[in-house]
Structure formats: structure tokens, C-alpha cells
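In: need a 3D model of the sequence below.
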Amino acid sequence: MLVVETIAKIRRMHFGRGMGIKTICRELNLSKKVVRKVVRSGATEFSYKRTVQPRPKLGAWLAELDRLLATNAARASRERLTVMQLYEELRGLGYDGGYDAVRRYAATWKQAQGSGTAAAFVPLTFAPGEAYQFDWSHEVVLIDGVTVTV
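Out: Residues are numbered from 1 along each chain as shown. I've put the predicted structure just below:
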């Protein structure tokens, strides 16, 4: 992946010093395709974002992994299995893929499960006698000409 500094170097070498694409490739250890792309385009940053993550080996095991993750989330925190233990359990069932795919899927699953908000209801009105307010201070008042502390 090209960073902005490398793109700036390529542009300075080509447009500032007048160096050729082949010479820039040799000095910066880059391919001609990359240098040509930077020189011809006006972009200052190149990035690639994958839209769909392929899961060729994990795809058939997603339902089983979802079940394992759901039962693991329902357990008490001290009894929960690590992702490595879940992976080993999945391998015992016949999964022959890698750990990293399971780890990435478990992370996205956990993030998706944790993003929901909890349903809660807080009543804003109360029936008489249901909620109390106390004022623990004392006041000095005049009642019938007599000063009383209330």
C-alpha cells in the first residue's frame, strides 16, 4: 500500500527532477505499474477496501460456529471458552480451516451482538405513596406568633 510520503517522493522525482519511470522504480524498489499509476493520476492517496470477505472454508460451518458463540455468550464469564478453545471444538467436529478466519468471525459476531441496546422502562409518573421525597433540612417558621423549628 502506498503512503502519501512515497507518492510525494515519486512526484518530486518525476516532475521536479525530471527522472524517468524506470529510474524511479530502481531507486524506490517499486514496480513500473505503481509508479506509472502515481505519475498519470492526480490522486494523493490510493486505498483498497474489500466489499465482501470471502470465507471459502468457514462458510459451511457458520451455523455451527454461530451456535457455539451463542452458547458461549450465555455462559457465566468464568466458564466462557476462549476463541482458541472454540476453534478446537470446531476442528473436533470436522472443520479443516484456519484459526484466523474463526477469530475474525468471532470478533465481528461479538461486535454485532454488543451493539444492540437493552430494553429498559423507567416510569416518569408515580401513583401517590409510590415514590417519596425527603428533605432532611430544618426551617425556622413563625406559627401563631411563636417561632418554631420545623
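
In: alpha carbons only for contacts and neighbour counts from here, please
Out: OK.

In: chain center to the helix or strand hosting Ala8: distance?
Out: Element membership of Ala8 [criterion: DSSP states H and E] is helix 4-11. Centroid displacement of helix 4-11 relative to its chain, using C-alpha atoms, centre = their mean, to the nearest Å, is 30 Å.

In: in the helix or strand just after it, what's buried?
Out: Proceeding N to C from helix 4-11, the next assigned helix or strand is helix 21-28, under DSSP H and E. In terms of neighbour count (16 or more other C-alpha atoms under 10 Å), helix 21-28 has its buried residues at 21, 24-25.

In: three-state assignment of Phe121?
Out: coil (DSSP: H, G, I helix; E, B strand; the rest coil).

In: name the helices or strands packed onto the longest helix seen in the chain?
Out: Once the chain is assigned using DSSP state H, the helix that runs over the most residues is helix 99-114. Applying 3 or more C-alpha pairs under 8 Å, 6 or more residues apart in numbering; DSSP states H and E, we find helix 99-114 packed against helix 83-92.

In: what's the angle from the helix it packs on to helix 99-114?
Out: Between helix 83-92 and helix 99-114, the angle comes out at 120 degrees (axes from the mean of the first three to the mean of the last three C-alpha atoms, to 10 degrees).

In: what are the contacting residues of helix 83-92?
Out: With contacts defined as C-alpha atoms under 8 Å, 6 or more residues apart in numbering, helix 83-92 is touched by 64-65, 68-69, 99, 102-103, 106.

In: neighbours around the residue nearest to His14 when sequence neighbours are not counted, how many?
Out: Leaving aside its sequence neighbours, His14 sits nearest to Gly20 (C-alpha to C-alpha, 6 or more residues apart in numbering; 6.3 Å). By the criterion of other C-alpha atoms under 10 Å, Gly20 has 13 neighbours.

In: tell me how far Gly20 lies from Ala120.
Out: The gap separating Gly20 from Ala120 is 67 Å, by C-alpha to C-alpha, to the nearest Å.

In: and for Met84?
Out: 35 Å.

In: and what of Arg40?
Out: Taking C-alpha to C-alpha, one finds Arg40 at 57 Å from Ala120.

In: ok, Asp100 next?
Out: Distance from Asp100 to Ala120, by C-alpha to C-alpha: 37 Å.

In: in terms of neighbours, single out the busier of these two.
Out: Between Asp100 and Ala120, counted using other C-alpha under 10 Å, Asp100 has the larger neighbour count: 12 against 6.
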